[in-house]
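[1] Give the three-dimensional model of this entry:
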Amino acid sequence: MTKDEFKQSYPFYIKQDVIWGNMDAFKHVNNAVYFRYFEDVRMAFFEHTGVNANMEATQQGPILASTQCQYKLPLTYPDRIVIGTKIKDIGEKRFTMEYAIYSESQEAITTTGEGIIVFYDYKQGKSCEIPAHIKKNFNDALNAIHH
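    Take a look at the predicted model:
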């Protein structure tokens with residue numbers, strides 16, 4: 001898969017360098033770091049789509065219910081990666097984000113994953129409906145390539 005094809009498949013993405021400090025004794029990126037990569041793109045997406053601003057204003061926002069990761073190829077230093085995301089499905093109170101990591105040096109997807117995110121009312125301590133404007137912002141963000 002080319003980087004352009006990756007960006008078409010995962011229309012919201014960020015770029016990062018693999019840093020030496022994320023390597024483990026086996027000379028590849030430690031498995032726990034991949035969840036941080038997923039978190040980095042998830043938080044950038046939330047910032048871009050107004051989720052974080054909504055959370056500050058209403059105390060209603062995302063909470064990660066579950067996450068998983070599939071390791072396909074090891075990442076090593078040095079490398080530049082593109083971390084992409086898209087929304088696989090969206091319901092009344094929850095949505096599923098898909099993630100993928102593309103290695104520029106390997107010219108391949110090295111890692112994929114998913115996260116189930118529930119919209120949560122932090123004042124009331126229970127799940128709540130995803131606001132319509134947030135759903136619209138999700139749609140808008142995923143229909144325009146992010147650089």
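
[2] Okay, and residue 55 sits in which element?
    helix 51-58 (DSSP states H and E).

[3] Restrict that helix to CA atoms and write it as PDB.
    What follows is helix 51-58, C-alpha atoms only, in PDB (Å, rounded to 0.1, in the frame of the first residue of the first chain):
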ATOM      1  CA  VAL A  51     -15.000  16.900  21.200                       C
ATOM      2  CA  ASN A  52     -12.600  18.400  23.700                       C
ATOM      3  CA  ALA A  53     -14.300  21.800  23.600                       C
ATOM      4  CA  ASN A  54     -17.600  20.100  24.100                       C
ATOM      5  CA  MET A  55     -16.200  18.200  27.100                       C
ATOM      6  CA  GLU A  56     -15.000  21.500  28.700                       C
ATOM      7  CA  ALA A  57     -18.300  23.200  28.100                       C
ATOM      8  CA  THR A  58     -20.700  20.400  29.100                       C
END
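
[4] And whichever helix or strand comes after that helix, what's buried?
    Moving toward the C-terminus from helix 51-58, the next helix or strand (DSSP H and E) is strand 60-71. For strand 60-71, the buried set under the neighbour-count rule, 16 or more other CB atoms under 10 Å, comprises 60, 61, 62, 67, 69. (Each C-beta comes from the backbone N, C-alpha and C, glycine too.)

[5] ok, the residues you listed vs residue 90, which is closest?
    Residue 90 lies nearest to residue 62 out of those, by CB to CB, at 12.2 Å.

[6] how about the closest one, what does it touch?
    The contact partners of residue 62, by CB atoms under 8 Å, 6 or more residues apart in numbering, come to 46, 51, 55, 117, 118, 119, 120.

[7] Show me these that map onto strands.
    Using DSSP state E, the subset of these located in strands is 117, 118, 119, 120.

[8] Looking at these, which is nearest residue 105?
    Each of these was scored against residue 105 by CB to CB, and residue 117 proved nearest at 30.7 Å.

[9] ok, the residue lying closest to residue 74 once chain neighbours are set aside - how many residues close by?
    Take residue 74 and drop its neighbours on the chain: the residue closest to it by CB to CB, 6 or more residues apart in numbering is residue 28, 3.7 Å away. Residues near residue 28, counting by other CB atoms under 10 Å, number 18.
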